[in-house]
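Student: Pasting the sequence and the predicted model now:
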Amino acid sequence: MENQDALPPWEEKALAALDAGEIDQALNALVEGCGRAILAYCSARIGDDEIANDVAQEVFAAIWKALPGFRRESSLRTWIFVIAHNRCAKRMGIIGRFRCLFSYGIDKIVEEAQPDPSDSLEEAVIKQQQAERLRRALEKLKQKERALITMYYMEELSLEEIAERYSVSRETVRQQLLKAQQKCKQLMDY
């Protein structure tokens, strides 16, 4: 009869490395043992593979930081999935806020495109058509591209503030924003 309390080999390896103070080896064992499961979990929770991949990386970065304080009150697998759950929930909250802001921003664009009493009929129609083209173009962008445009134009965050949110350099944000703007313009021109 098999012992149900026996740990999977990857968890035994991780705990042995942790006991030896070898945090990097412990993390490697955890990634090997449940990296795919964490990625699948994040993907199922978030529904976007690109964002899920980012979150899974955040999960293992958080694990690496927290491993020295692991108290063994649960299995490593349970502990890891709690961290994954919390990271997914945090990201879903951020995505929800972005969606709300994005929706508000689109509504604001459409509202601002409403004809001004001083506009000619032709100007009013052009404004509404441009707003609709912009709405459709923004909806076709990837989540991160929309988020960058939303943060920069609607939240009016600086490149430095956006870079801080994503923990990347200002130059990286500038380049990504430029690409998102170009893609949005191309989509509007169709």
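Tutor: Alright, I've got the coordinates.

Student: Please make it C-alpha for all contacts and neighbour counts, starting now.
Tutor: Will do.

Student: Rank the helices and strands of the chain by mean pLDDT and give me the bottom one.
Tutor: Ranked by mean pLDDT, DSSP states H and E, the helix or strand of the chain with the weakest confidence is helix 76-112, at a mean of 67.

Student: domains in the chain, as residue ranges please.
Tutor: Domain assignment for the chain by automatic domain parsing gives 9-91, 113-189.

Student: Which one of those has the poorest average confidence?
Tutor: For the domains of the chain, mean pLDDT drops lowest on domain 113-189, to a mean of 78.

Student: Name the nearest residue to the most centrally placed residue in the chain, sequence neighbours excluded.
Tutor: The C-alpha lying nearest the average C-alpha coordinate of the chain belongs to Ile51 (CA atoms, centre = their mean; 4.4 Å). Residue nearest to Ile51 in three dimensions, not counting chain neighbours: Ser43, with 7.9 Å by CA to CA, 6 or more residues apart in numbering.

Student: how close does the one you found get to Glu139?
Tutor: 21 Å (CA to CA, to the nearest Å).

Student: Comparing the two, which shows the higher neighbour count?
Tutor: With neighbours defined as other CA atoms under 10 Å, Ser43 and Glu139 compare such that Ser43 has more, 19 against 15.

Student: who are the neighbours in contact with that one?
Tutor: Ser43 makes contact with Asp49, Ile51, Ala52, Asn53 under the criterion CA atoms under 8 Å, 6 or more residues apart in numbering.

Student: okay, now the first one: neighbour count?
Tutor: What that stands for is Asp49. 14.

Student: before we move on, the earlier item: now the helix or strand hosting the residue nearest to the centre of the chain: how far from the chain's centre is it?
Tutor: Assessed by DSSP states H and E, Ile51 sits inside helix 49-66. The chain centre lies 10 Å from the centre of helix 49-66; the measure is CA atoms, centre = their mean, to the nearest Å.

Student: So which other helices or strands are in contact with that helix?
Tutor: On a contact count with 3 or more CA pairs under 8 Å, 6 or more residues apart in numbering; DSSP states H and E, helix 49-66 meets helix 23-46, helix 76-112.

Student: Between the contacts of Ser43, which sits nearest Arg170?
Tutor: Proximity of the contacts of Ser43 to Arg170 (CA to CA) peaks at Ile51, which lies at 20.4 Å.

Student: can you pull the contacts of the residue lying closest to Arg45 once chain neighbours are set aside?
Tutor: The spatially closest residue to Arg45, leaving aside those adjacent along the chain, is Cys88, at 6.8 Å (CA to CA, 6+ apart). By CA under 8 Å, 6+ apart, Cys88 lies in contact with Cys42, Arg45, Ile46, Val55.
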